[in-house]
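S.K.: sequence plus predicted model, see below.
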Amino acid sequence: MASISNERKGRGALRKKRRNDLIFYAAMLAFPLIQFAIFYIAVNVNSLVMAFERYDYSTGETSFAGFEQFGQALYLLFRSPVLSAAWKNTLLLFVFSLIGDWLGVLFSYYIAKKKPLATLLKIGIVLPTLLSAIAMAVLFKYFGERAFPVLFHTEGLFSGGGVLFVLLFYHVWMGLGTSVLVLTGTMSAIPETLSEAAKLDGCTFMKELFYITLPMIYPTLVTFFVIDIAGLFVGQMGLYHFFADEADPALFTYGYYLFRGARSATLAEYPVLAAMGALFTLVTAPLALFSKKLMIRLGPSAE
């Protein structure tokens, strides 16, 4: 009888522990799930609904507008002088994002192989991503406008005609830290026996990169590429950090235009911006999915 009683108590304690664990897990998941539901699902659904609405100033009410706002959004995208350079800058930003990904591969490979000064290099690359984005922008702009002219006896980085490429460089530089953190972790998971076997077969440092490391980390590279496509129309290359709402229209990207517009738009302008965002989603979502499937099908196999 005592053994049966002890067994029941043990089962009761186990059920209680499982119930407490379940409550703990639910509490831990509640905040991110609520945040995701409010700030992603609800916001995007509201934005999509807004794209089909029209605001009437006289009555203060909204009404169904069909595809009227989409027509205005298309007109702005193709005919607005403010956005005349935005498509070029957006594509340039995408190209430089890809360049940044491949630079991240090279730096990560050098660090993963523990070459001379690899630790110092990793700290120098990762450290900017640990600081506030605003603080880094202020420091970078101060260096470009104050220190750079004194050191090199030339005009400031933000004073000449090369501001766009300064911003693109900043975008690549600030993105390297995340790439290096992810890629070095991925490369560290590659079995060391593969590298040793390759060296015995006469594989050089660069051949190992192309024939062993890249195929092994290829799924991570696909993820980076898909993220670059998904962020095609939201990238700002730090424009708002450097110039707030006063950036030169020649430097505009679509991402900066949307962000700047969302901050200062009137109630009548919000539906047009929402329609523009929906159009961008219609482009990037299928493109990202198609690119992922194509890259997985045509990419190298680790086996």
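M.R.: Yep, that arrived. As the structure is a prediction and not an experimental result, all values here were calculated from the model. Numbering: from 1, shown residues only.
S.K.: all strands of this structure, in order?
M.R.: Per DSSP state E, the chain carries strands over the ranges 53-56, 61-64.
S.K.: break down the protein into its helices, ranges please.
M.R.: 2-36, 43-50, 68-79, 86-112, 118-130, 133-142, 148-152, 163-188, 192-200, 205-208, 214-230, 239-243, 254-264, 270-298 (DSSP state H).
S.K.: on that earlier part again, quick one: which of the strands of the chain is nearest residue 287?
M.R.: strand 53-56 (27.2 Å; CB to CB). From N, CA and C alone the C-beta is placed, and that goes for glycine too.
S.K.: give me the buried positions along the closest one.
M.R.: For strand 53-56, a neighbour-count test (16 or more other CB atoms under 10 Å) marks 53, 55 as buried.
S.K.: hang on, the earlier thing: now the strands of the chain in JSON lines, with distance to residue 238?
M.R.: As requested, those are exported to JSON lines (distance: least, CB to CB, whole Å):
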{"stretch": "strand 53-56", "distance to residue 238": "32"}
{"stretch": "strand 61-64", "distance to residue 238": "35"}
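S.K.: between those strands, which gets nearest to residue 259?
M.R.: strand 53-56 (20.6 Å).
S.K.: what's the mean pLDDT across the closest one?
M.R.: Summarised as a single mean, pLDDT over strand 53-56 is 88.
S.K.: residue 214 - nearest residue in space that isn't next to it in sequence?
M.R.: residue 300 (6.9 Å; CB to CB, 6 or more residues apart in numbering).
S.K.: I should have written residue 245 there, sorry.
M.R.: Leaving out its chain neighbours, the residue that sits closest to residue 245 by CB to CB, 6+ apart is residue 260, at 5.6 Å.
S.K.: same question for residue 211.
M.R.: residue 203 (7.0 Å).
S.K.: okay but the one you found is in contact with residue 210, surely?
M.R.: No. Between residue 203 and residue 210 there is no contact under CB atoms under 8 Å: 9.8 Å.
S.K.: those two: who's more crowded?
M.R.: Neighbours were counted for residue 203 and for residue 210 using other CB atoms under 10 Å; residue 203 has more, 17 against 12.
S.K.: distance of the more buried one from residue 117?
M.R.: With distances taken as CB to CB, to the nearest Å, residue 203 is found 24 Å from residue 117.
S.K.: right, I'll leave it there.
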